[in-house]
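> build the 3D model from these lines:
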Amino acid sequence: SSLPVRASAITRPIKQVHSMSNTTTQRSESPYIPLGPFKVRLPFIHYKIDLPDYLQGLLMCAVDLAAIPLMTELLGMPFEVALAVVMLNGLLYLVHHLLGDPTVPGWITPAVPLLMAYCAQFPVGPERVHALIAFQLMLGIFSIALGATGMAKKVVEYVPSAIKSGIIVGAGLSAVIAVFQVGGKFNVLPWTISIAVGIAFYLIFSQHFNELKQRNRFWWNFAKLGILPIILLAVVIAPLFGEAPWPTIQWGISKPDFAGLWSNYTVFGLGMPPLSMFISALPTMLAVYIIVFGDVLSAKSLLDEAETVRTDEVVDYNADRSHLIFGARNAFMSIFGPDVAMCGPKWAAMLVVVIERFKGGPKAMKSIIGGVGSFRWGTNTGLLLLPVVTLVQPILGVALSLTLLIQGYVSVRLGILEARSQRDLGIAGVIGAVLAIKGASWAFGIGVVLCLLIYGKNFFKGEVDGTFAKDLKAADTQPAKGAESPTATKRVAEEAMAD
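Next up, the predicted model:
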């Protein structure tokens, strides 16, 4: 069934996965070539191209192009150079499914404002590019190390809940501030952004539309397109209000400027950043990793839930393997094409869309690898087509604002849910505000001091005061020693579905 699943119902089938796979002989895994921790799958050999997902990717490449204004504004990149970064990152998206990671990779969207604020502390030019290179290289190496050692979960567990909550809330606040601050995109495109964001919030978050799409299959299929219809609407609205020109459609193949990228924006032309850059990037890198780990958890919850519906296929999502892949992507891009959007483990909206088709059965989608792979082959094809690029070029600022405001809404809500008590909420509020104004270094420092002052010897443990319903339920149903908390599993699943 492709009907929506209530988040509260996700955890019931999750517990049944292992027993089901033990008793059912029909469940099988799509063929692959073993390569250490990776499972190599090649198109047309190990999976077929699914046309619906390929065509959707062909259009949804417009969202990938929204990274271009990030780089043109922050780094002063020409459009063609920024397009080269997007296309290079697009090729690396393919690595996930080719090496056995059954997800749709994307940006680290909630962390984009944090990284932009950090880089903006340095003057425009080589110094700012060096700051981005140092940050992304450190994030890549750190993720690879955690994936290789299996230490990812333990590292995050040592961060107090109040600090985790504050970092995620601060990321959301930073996203909203980036749109509405003086000189932000809202000052340039007020009517277009207002209309586009209003429609987007109605389609994504409103109770009325959620009920509508459950009653009517047309609206359910319409919702699967994500923000693509809103971007196409913005192409028309912006010129009507005089806020952007009408698109000038050009035919042919895109012409990214790789030579300009490598000579002016990479270590090949600028050299390696100094050691001081790596040291100053450390707090921001840790803040971003906390956000990345949340993406890994939510991707696992979504794919585990999909496996309970499709009892014919093994969906093998391994968090350590995912760390190795997106860590390698970040390390590679830091050298060959520093990317403000960064390289994340999942594109939540499109992963949900592909999973919903996958849950329709083998006739709808034979393999999850085929679905996610076909989508990313489609986006790479779209980036090569000049008509697609020139159609959305005038309103890329709208697409960026839309992404940031949606992410701001989700991040603030999920960040608050990370807290375990009213004291946590107070600390998180201070950390979030400091992060949005002063950056990650100040936020971490103030967070550590506040947790020490308020919790003392319980610095890592914090407190649970029953403010949140999830903690009341946990107290009523304590799991056996060594067992995973059902409440924790449920919370991750609910956050994944909300995302």
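
> just the mean pLDDT for the lengthiest helix in the chain, thanks.
Ordering each helix of the chain by length in residues (DSSP state H) puts helix 275-309 first. For helix 275-309, mean pLDDT rounds to 86.

> next one: it to chain centre, how far?
Helix 275-309 sits 9 Å away from the centroid of its parent chain (CA atoms, centre = their mean, to the nearest Å).

> need the CA coordinates for the helix or strand following it. CSV is fine.
Counting by DSSP states H and E, the element after helix 275-309 in chain order, helix or strand, is helix 319-336. Output of helix 319-336 as CSV, limited to C-alpha atoms (Å, rounded to 0.1, in the frame of the first residue of the first chain):
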residue,chain,number,x,y,z
ALA,A,319,25.2,3.2,9.5
ASP,A,320,29.0,2.5,9.5
ARG,A,321,29.0,2.0,5.8
SER,A,322,27.0,5.2,5.3
HIS,A,323,29.6,7.1,7.4
LEU,A,324,32.4,5.7,5.2
ILE,A,325,30.6,6.8,2.0
PHE,A,326,29.4,10.3,2.9
GLY,A,327,32.7,10.9,4.8
ALA,A,328,34.6,10.0,1.6
ARG,A,329,32.4,12.3,-0.4
ASN,A,330,33.1,15.3,1.9
ALA,A,331,36.8,14.6,1.9
PHE,A,332,36.9,14.3,-1.9
MET,A,333,34.8,17.5,-2.4
SER,A,334,37.0,19.5,-0.1
ILE,A,335,39.9,18.8,-2.4
PHE,A,336,38.3,18.9,-5.9
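
> contact partners of the helix or strand following helix 319-336?
Sequence-wise, the next helix or strand downstream of helix 319-336 (DSSP H and E) is helix 348-358. Taking contacts as CB atoms under 8 Å, 6 or more residues apart in numbering, the residues outside helix 348-358 that touch it are 2, 50, 52-53, 56, 60, 103-104, 106, 224, 226-227, 295, 298-299, 302-303, 305-306, 310, 364-365, 368, 371-372, 375, 496, 499. C-beta here means a position set from N, CA and C on the backbone, and glycine is covered the same way.

> quick check: what element follows helix 348-358 along the chain?
helix 368-384.

> what packs against that next one?
In terms of contacts (3 or more CB pairs under 8 Å, 6 or more residues apart in numbering; DSSP states H and E), helix 368-384 is packed against helix 51-64, helix 79-98, helix 348-358.

> single out the most deeply packed of these.
helix 348-358 (a mean of 24; mean count of other CB atoms under 10 Å).

> give the rounded mean pLDDT of it.
78.

> off-centre distance for it?
With CA atoms, centre = their mean, you get 14 Å for helix 348-358.

> contacts only, for the residue nearest to Trp219 when sequence neighbours are not counted.
Nearest residue to Trp219, sequence neighbours excluded (CB to CB, 6 or more residues apart in numbering): Lys213, at 4.1 Å. Lys213 is in contact with Pro4, Trp219, Trp220, Phe222, Ala223, counting by CB under 8 Å, 6+ apart.

> also Leu324?
Pro37, Phe38, Ser143, Ile144, Gly147, Ala148.

> how about the residue nearest to the spatial centre of the chain, phi and psi?
Nearest to the geometric centre of the chain sits Ile108, at 4.3 Å (CA atoms, centre = their mean). Backbone torsions for Ile108, taken as degrees, to the nearest 10, come to phi -100, psi 70.

> I figured it hits Gly294, correct?
No. Contact criterion CB atoms under 8 Å: Ile108 and Gly294 do not qualify, at 10.2 Å.

> which residues of this structure score low on pLDDT?
For the chain, the stretches flagged by pLDDT under 70 are 1-25, 156, 224-226, 470-499.

> all strands for the stretch 351-499 of the chain, in order.
Under the criterion DSSP state E, counting those that start in this stretch, the stretch 351-499 of the chain carries no strands.

> can you give me the helices in it?
368-384, 386-392, 396-418, 422-438, 440-455, 469-476, 486-498 (DSSP state H, counting those that start in this stretch).

> picking up where we left off before, closest to Gly344 out of the contacts of Leu324?
Distances from Gly344 to these, taken as CB to CB, are shortest for Ser143 (10.4 Å).

> contact partners for that closest one?
Ser143 makes contact with Tyr289, Val292, His323, Leu324, Phe326, Gly327, Asn330 under the criterion CB under 8 Å, 6+ apart.

> and it, what element?
helix 126-149.

> now do the very next helix or strand once past that helix: which elements does it pack against?
Remark: after helix 126-149, the chain's next helix or strand is helix 152-157, criterion DSSP H and E. Applying 3+ CB pairs under 8 Å, 6+ apart, one finds that helix 152-157 makes contact with helix 275-309, helix 319-336.

> please repeat the previous calculation with a cut-off of 7 Å.
Identification of packing neighbours for helix 152-157 by 3 or more CB pairs under 7 Å, 6 or more residues apart in numbering; DSSP states H and E yields helix 275-309.
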